[in-house]
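**Student:** sequence first, predicted coordinates after that:
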There are 2 protein chains.
Amino acid sequence: MKEPLVPGPPQNRSELKKKILIHDIARHLDVSIATVSLVLNGKAKEKRISDALAERVLKYVAEVGYKPNQLAKSLRTGKTHVIGLMVEDIANAFFAKIAALIEKKALARGYRIIYCSTNNDVAQTRDLLAMFQERHVDGYALAVPPGVEAEVRALVQGGKPVVLFDRLLPDVLADAVVVDGLTGMYEATRHLLAQGFSSIALVTLHSAQTQLLARWRGYGRALHEHGLPELVEEVSFQQEPEQIVQDIENFLRANPQCDAVLFATNYLGAHGLEALNRLGRRIPEHMGFISFDDSDLFRLYYPPITVVAQPMELIAESVINTLLAALEGSGPPGRVTQTQLAPQLLVRQSSIRPVGPGPPREGGP
Amino acid sequence: MKEPLVPGPPQNRSELKKKILIHDIARHLDVSIATVSLVLNGKAKEKRISDALAERVLKYVAEVGYKPNQLAKSLRTGKTHVIGLMVEDIANAFFAKIAALIEKKALARGYRIIYCSTNNDVAQTRDLLAMFQERHVDGYALAVPPGVEAEVRALVQGGKPVVLFDRLLPDVLADAVVVDGLTGMYEATRHLLAQGFSSIALVTLHSAQTQLLARWRGYGRALHEHGLPELVEEVSFQQEPEQIVQDIENFLRANPQCDAVLFATNYLGAHGLEALNRLGRRIPEHMGFISFDDSDLFRLYYPPITVVAQPMELIAESVINTLLAALEGSGPPGRVTQTQLAPQLLVRQSSIRPVGPGPPREGGP
DNA sequence: ATTGGTTGCTTAAACATTTAAGCAATTTGT
DNA sequence: ACAAATTGCTTAAATGTTTAAGCAACCAAT
């Protein structure tokens, strides 16, 4: 313990913290600042600092607990060791989980993350991208809405490591990690068809986000193969949750023949559950139900909800690997790495058609 | 324009981005760097730069879109306009939501947030605190586990703005924002008692986190007032989710007389639901159920789960206000601001005792 | 006609580091 | 014995800002 036992006169506590600089180290060891710096940056060998001196430096540095000022370092080297991560909404379970995983993996490899939520707002996203640049992040992991193609392209062409994930930006050629939502939704839809559901709806967002369009295409493909028509509700994301629930409610009420419904995102699924509750329709007796993305809610719901689960660990791992490869790889190899991961259909009760008295078509209570 | 009109040989794209510096502005306007800097920092009046020149500077700066290098600025001024936010786990719904709210409010006031998850690991928390210091964050918003008192105290005494939230650190006098979990849990327990539940258990973590202890005390107080014994399961947080579920399962199996259970955190509640599922016990027929923290899971569960909800908006607002007051307030006012917010008991079906065989004790509906 | 006060800007140090270039002293080669 | 190469370190420029201190030029007042 360094604290004096007797407090003594009112010391200015901030003086106790007197930041120690590389200059202090150098002076104490009676060597130049450059020597200390070289040793600390592992260039002792390369720059022919003697082992003896290098060791003296390291020893003293450890002893006094000297830590270089990262701001000065970054200013000089142009590297911050910070990665900018931009997601739709950090309060969303999917993105929160991805962020947590990426943070952990990045930290383990010496990088810090700074996050931002775009809320799918183009202007805000632009501002945030500008902030990342101002803060001199070394690399970008982006799940951004369409509308910022120009800015992202400029980054890529400026040589900055950029990895798009969750969704692509049309016409922007960049490293990317995405999940094959088309196949995921295709199989989910086929599963519903196989279960005997015959009028299957999709609830998605009115948005040009590529992952949503892919999921839609998967749904559409399965239906077309069976000669069935699409039945799609596109809700707007710029509204209150309550409004979304009501939209879904109205949609389902307007389509009473519909006997199963797919949701393109986790929160649409959650709102869907609420809508069905209000309508008093039971899952799966009145309505088959599948959502994209897994969560505690879906897993523990009664009945448990069938989902198209994304491989979270793999996504995070791929994003960080791709980014670090670009960051640490010697110069731009000119190649673009696009990774596509397979989602997994987790079949639970909500999509299992109950064997009941005859075809339970439109069964009222 | 300095660019030749004829493009010439294959230009290096990165050269196109030639970062513009304050020096370039100064030279173009034929004034000194200092003048430009003063104007940009709103000190034109104070330092007697003529309005005419100030306007010329601003005009040209806007025209070429010059943005000062934040690293250099921070190095010189010692301010980064970054707040370090440390939570238990960013993937946890409560913290994710708080983080999202704090981020939004901070951004609106010109500050950036960098987050970290402690996972309640003391060593990791210490490392992360050190990182925040290295990155020169201007202020700290901390929900940290016990064990880092010394480090946090050092920060506070070093004059750094620190706001503890969600939980306090014993013996660290700092600004804080907490929720009155004692009263919250006291009322939740009283509610169960009023409903006629008679053997009420609490599932909490084996931890000295102050908010958990307060919740426990609230539970204990209500029981003691009714002359009833405590029945508490403390699960360890260092284990896999699956193990926690099994712990709860075993605990409930070992206490068959127990007819209601309270959970001290949202994820304990979620695990509790799973445990009850596995045991085949129905809520509220076999077991009354209340969890701390609200979530979609609890709200949409069947039956809907009664919760002690925390006022998220208020927490975020208070944290950021307290922090910015300390950051921008003129010097240390010497006073510590501790805010305590009231939680809200949201009564849902899971804690409503079904009228069944036997007297429903203490006034029915 | 000198002093004193403004006005309107500039000079230069400071922030804390990295790293290319340089320079004695020593070792090696012929 | 002398040139060349190597060793082991240092000097100083560079990174891009902010801001205290300074300095001409002009004006007002004695």
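**Tutor:** Yep, that arrived. Numbering: from 1, shown residues only, chains lettered A, B, ... in the order given.
**Student:** from the stretch 151-300 of chain A, which residue is nearest to DNA strand D?
**Tutor:** Proximity of the stretch 151-300 of chain A to DNA strand D (C-beta to the nearest atom of the strand) peaks at residue A:158, 14.3 Å away. Where you see a C-beta, it was placed from the backbone N, CA and C, and this is true even at glycine.
**Student:** what of the stretch 251-365 of chain A?
**Tutor:** Closest residue of the stretch 251-365 of chain A to DNA strand D, C-beta to the nearest atom of the strand: residue A:327 (19.6 Å).
**Student:** hmm, the helix or strand hosting that residue in reach of chain B?
**Tutor:** Element membership of residue A:327, judged by DSSP states H and E, is helix A:312-328. No - Helix A:312-328 lies out of reach of chain B by C-beta under 8 Å from any C-beta of the partner chain, never closer than 9.5 Å.
**Student:** can you tell me the closest non-neighbouring residue to residue A:234?
**Tutor:** Among residues not flanking residue A:234 along the chain, residue A:206 sits closest, at 3.9 Å (C-beta to C-beta, 6 or more residues apart in numbering or on different chains).
**Student:** enumerate every residue touching the one you found.
**Tutor:** Counting by C-beta atoms under 8 Å, 6 or more residues apart in numbering or on different chains, residue A:206 touches A:234, A:235, A:236, A:237.
**Student:** want to throw the residues you listed into TSV with secondary structure?
**Tutor:** Shown next, in TSV, are the contacts of residue A:206 (DSSP: H, G, I helix; E, B strand; the rest coil):
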residue	secondary structure
A:234	strand
A:235	strand
A:236	coil
A:237	coil
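**Student:** circling back: quick one: mean pLDDT over the helix holding residue A:327.
**Tutor:** Helix A:312-328 shows a mean pLDDT of 95.
**Student:** and the residue nearest to residue A:234, what's its pLDDT?
**Tutor:** At residue A:206, the model reports a pLDDT of 96.
**Student:** re the thing from before, just the buried residues of the contacts of residue A:206.
**Tutor:** Buried by 16 or more other C-beta atoms under 10 Å in any protein chain shown: A:234, A:235, A:237, out of the contacts of residue A:206.
**Student:** ok so, going back, burial check on the residue of the stretch 151-300 of chain A closest to DNA strand D, number of neighbours?
**Tutor:** By other C-beta atoms under 10 Å in any protein chain shown, the residues close to residue A:158 number 13.
**Student:** which residues are contacting the helix holding residue A:327?
**Tutor:** A:83, A:94, A:97-98, A:101-102, A:105-106, A:109, A:111, A:138-139, A:141, A:161-163, A:165-166, A:175, A:177, A:179, A:332, A:337, A:339, A:341.
**Student:** and the stretch 251-365 of chain A, which residues reach chain B?
**Tutor:** Counting by C-beta under 8 Å from any C-beta, the positions of the stretch 251-365 of chain A adjacent to chain B are A:270, A:273, A:274, A:277, A:295, A:296, A:297, A:300, A:301, A:302.
**Student:** output those as JSON lines; include the columns secondary structure and distance to residue B:62.
**Tutor:** Formatted as JSON lines, these follow (DSSP: H, G, I helix; E, B strand; the rest coil; distance: C-beta to C-beta, whole Å):
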{"residue": "A:270", "secondary structure": "helix", "distance to residue B:62": "45"}
{"residue": "A:273", "secondary structure": "helix", "distance to residue B:62": "50"}
{"residue": "A:274", "secondary structure": "helix", "distance to residue B:62": "48"}
{"residue": "A:277", "secondary structure": "helix", "distance to residue B:62": "53"}
{"residue": "A:295", "secondary structure": "coil", "distance to residue B:62": "46"}
{"residue": "A:296", "secondary structure": "helix", "distance to residue B:62": "49"}
{"residue": "A:297", "secondary structure": "helix", "distance to residue B:62": "48"}
{"residue": "A:300", "secondary structure": "helix", "distance to residue B:62": "54"}
{"residue": "A:301", "secondary structure": "coil", "distance to residue B:62": "54"}
{"residue": "A:302", "secondary structure": "coil", "distance to residue B:62": "59"}
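**Student:** just the buried ones out of those residues, please.
**Tutor:** Buried members of these, counted by 16+ other C-beta under 10 Å: A:270, A:273, A:274, A:277, A:295, A:296, A:297, A:300, A:301.
**Student:** quick one: list the elements packing against the host helix or strand of residue A:213.
**Tutor:** Using DSSP H and E, the element containing residue A:213 is helix A:210-225. Under the contact definition 3 or more C-beta pairs under 8 Å, 6 or more residues apart in numbering or on different chains; DSSP states H and E, helix A:210-225 sits against strand A:175-179, helix A:181-194, strand A:200-205.
**Student:** closest to residue B:61 out of the ones you listed?
**Tutor:** For these, proximity to residue B:61 was assessed by C-beta to C-beta; strand A:175-179 is nearest, at 34.1 Å.
**Student:** contacts for the closest one?
**Tutor:** Applying C-beta under 8 Å, 6+ apart, the contact partners of strand A:175-179 are A:161-168, A:210-211, A:310-311, A:315, A:318-319, A:322-323, A:326, A:336-343.
**Student:** how many neighbours does the residue lying closest to residue A:105 once chain neighbours are set aside have?
**Tutor:** Spatial nearest neighbour of residue A:105, excluding adjacent residues (C-beta to C-beta, 6+ apart): residue A:320 at 4.6 Å. Neighbour count for residue A:320, taken as other C-beta under 10 Å: 26.
**Student:** same check on residue A:178?
**Tutor:** If you count neighbours by other C-beta under 10 Å, residue A:178 ends up with 21.
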